[in-house]
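Q: Okay, here's the prediction I keep looking at, along with the sequence it came from:
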Amino acid sequence: MTWTTVKCRECGEAYEVQMYGKRRDREWRVQSWQGVCDECREQKRALALAEARNDATESGLPALEGSEKQVTWAMTIRHEKLEAVRALLESLEKAHVTGLAWDALCGTEAARWWIDNRFQTGQDLFDEALAGLTPQDGIAPPPETDAEATLCPDEPVTATVCEIRMVGTALELHFPEKRDAFRELARDHGYRWTGNCWTRTIGPRQGAPLHRMAEIGHRLLEAGFIIRVYDEETLSRAETGTYDDEITRWVDIDPGEDRFTLTWGRHDDYYREARRLPGSRWRKPVVTVPGDQFEEVQGFAEVQGFTVTPEALSYIEAMRAARLAARIAELGHHEAPEPGKPADRPDLVAEELGILTEFLDDGAEAMSEMRARVKESLAKGKKAEKDEDGDFIDRNLSREFGYALNLYMSDKGYAADAFSWPLNAETREYFDLWREFFGEYPEAALYVLKKGQK
């Protein structure tokens, strides 16, 4: 731990903070420092508190209960969370129940409750307020309107009524009776059981909540179930079947990987066609395609009836513009070389090896002559000597002797590969002469001798 000097992001003044870790890590943190000094932090807190107090006064929010420090802290938290909920409500259709949830949230007076929930999002707090509503809060409409909000098919399969509600972003089906037909219909339309009702989250891709409520209401009426919806337009659309079909086939873009994602409904099967796109991969539950295949993806979407999201469309336009801006290559001609093949190994002539020509006529004579020359050399104390690098000093003599030995063994009918020879009097004589002249056995001799001893 060490005290390190950094600069405030707001005012630019230098101040010290304690940092841990290695020196290079501390240097990197100093260069990328985004913190603020104590004075700027206090100024920001004061401004946020003043803004929260003004908003509470203008909105008529109740005073918070708790210690002075708790109230001061909770005031800014409440302001921040209610701003997030306000933004959420702007994207939702106005409903009686959403107003009740907003009132319940604004009416929370305990400062500690806001402090304890400071890490919750506005959506989380709003959903909690919705879940906490009871019939005593006026969540249900007056009983006299039930008959007007209820539709009954010609031949109902049960007297139990399914009440359809839109609670925040959740579309709920309240049906207390257990029926397999109802359960299958709900699941086919993307609903799941939460313990007290069937629910489904409605977002931008699912279309307007009004149409989704009308759709499920119409399907339930077709299946013989009684429905209740406290909205005259939704009820009328459910009865007449006038609603927009939900779009289930989408082309989107994953900006993190620069890959398109293809998704479709649970009753559709486009897997085989999607996997035919170049570079496609299956990443459950979607098929992804490389971004540079935008033309193929766009053609696939047009043929198969997929809808391209605005984000994916913008990506396609950007890729097309980049491709048009690329320079066209002007290729020159390069003559490719002929396919290679192994060259024939040239035969070494006797003159190149320094071997007497008459040795080539008869291997036996060559062997006899070389045996005599070897014995003569050995009697004079001469051997095939090597230099410091391990090479024979008299290369012609060593080549001449080796060639004569090989020629002799070839005449005897032995293969060129000495490793395959048997151990007998002829091969032992060959190996012994080699050792006498060269001072060591060849590798093949060591192998044959070891094999013959087994």
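A: Received the coordinates, thanks. Numbers count the residues shown, from 1 in each chain.
Q: pretty sure residue 191 contacts residue 202?
A: No. With contacts defined as CB atoms under 8 Å, residue 191 does not count as touching residue 202, sitting 11.0 Å away. Quick note: C-beta positions are derived from backbone N, CA and C, even for glycine.
Q: shared neighbours of those two, anything?
A: Residues touching both residue 191 and residue 202 (CB atoms under 8 Å, 6 or more residues apart in numbering): residue 171.
Q: State the mean pLDDT of stretch 15-27.
A: Mean pLDDT, stretch 15-27: 79.
Q: that older thread, give me the more crowded residue out of residue 191 and residue 202.
A: Using other CB atoms under 10 Å as the criterion, residue 191 and residue 202 rank with residue 202 on top: 23 against 18.
Q: What's the separation between that one and residue 124?
A: Residue 202 is 18 Å from residue 124, where distance means CB to CB, to the nearest Å.
Q: And for residue 325?
A: 46 Å.
Q: more neighbours, the two?
A: Neighbour comparison, residue 325 and residue 124: the larger count goes to residue 124, with 13 against 7 (by other CB under 10 Å).
Q: which non-adjacent residue is nearest that one?
A: With CB to CB, 6 or more residues apart in numbering as the criterion, residue 124 has its nearest non-adjacent residue at 8.0 Å, and that residue is residue 117.
Q: isn't the one you found right up against residue 126?
A: No. Using CB under 8 Å, residue 117 is not in contact with residue 126; the gap is 11.6 Å.
Q: So between these two, which is more surrounded?
A: residue 126 (26 against 17).
Q: Now the element after the helix or strand harbouring that one, going C-ward?
A: According to DSSP states H and E, residue 126 maps onto helix 122-131. Scanning forward in sequence from helix 122-131 by DSSP H and E, the next helix or strand is strand 150-151.
Q: the strands in the stretch 51-200 of the chain, which residues?
A: If DSSP state E, counting those that start in this stretch is used as the criterion, the strands of the stretch 51-200 of the chain fall at 150-151, 161-167, 170-174, 192-193, 198-201.
Q: And the first one, how far out from the chain middle?
A: When you say that, I think you mean strand 150-151. Relative to its chain's centre, strand 150-151 lies at 48 Å (CA atoms, centre = their mean, to the nearest Å).
Q: what's in contact with stretch 251-267?
A: Counting by CB under 8 Å, 6+ apart, 188, 190, 248-250, 270, 274, 285-291, 293-294, 297, 300-301, 306-309, 311-312, 315 sit against stretch 251-267.
Q: That stretch: end-to-end distance?
A: Using CA to CA, to the nearest Å, one end of stretch 251-267 lies 17 Å from the other.
Q: what about the one helix or strand residue 436 maps to, distance to the chain center?
A: Take DSSP H and E as the rule and residue 436 turns out to sit in helix 425-438. Centroid separation for helix 425-438 versus its chain: 68 Å, with CA atoms, centre = their mean.
Q: Return the set of buried residues in the next helix or strand after it.
A: Toward the C-terminus, helix 425-438 is succeeded by helix 443-453 as the next helix or strand (DSSP H and E). Using 16 or more other CB atoms under 10 Å as the test for burial, helix 443-453 gives 444-445, 448.
Q: Next, format those as TSV and append pLDDT.
A: Shown next, in TSV, are the buried residues of helix 443-453 (pLDDT from 0 to 100):
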residue	pLDDT
444	73
445	75
448	75
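Q: Quick check: which ranges of this protein have low pLDDT?
A: Along the chain, the parts satisfying pLDDT under 70 run over 1, 91-98, 132-145, 341-371, 373-375, 377-405, 407-408, 411-412, 414-418, 452-454.
Q: what about the residue most central in space within it, which SS state?
A: With the centre of the chain defined as its mean C-alpha position, the nearest residue by CA atoms, centre = their mean is residue 257, 7.4 Å away. In terms of secondary structure, residue 257 is coil; the call rests on DSSP: H, G, I helix; E, B strand; the rest coil.
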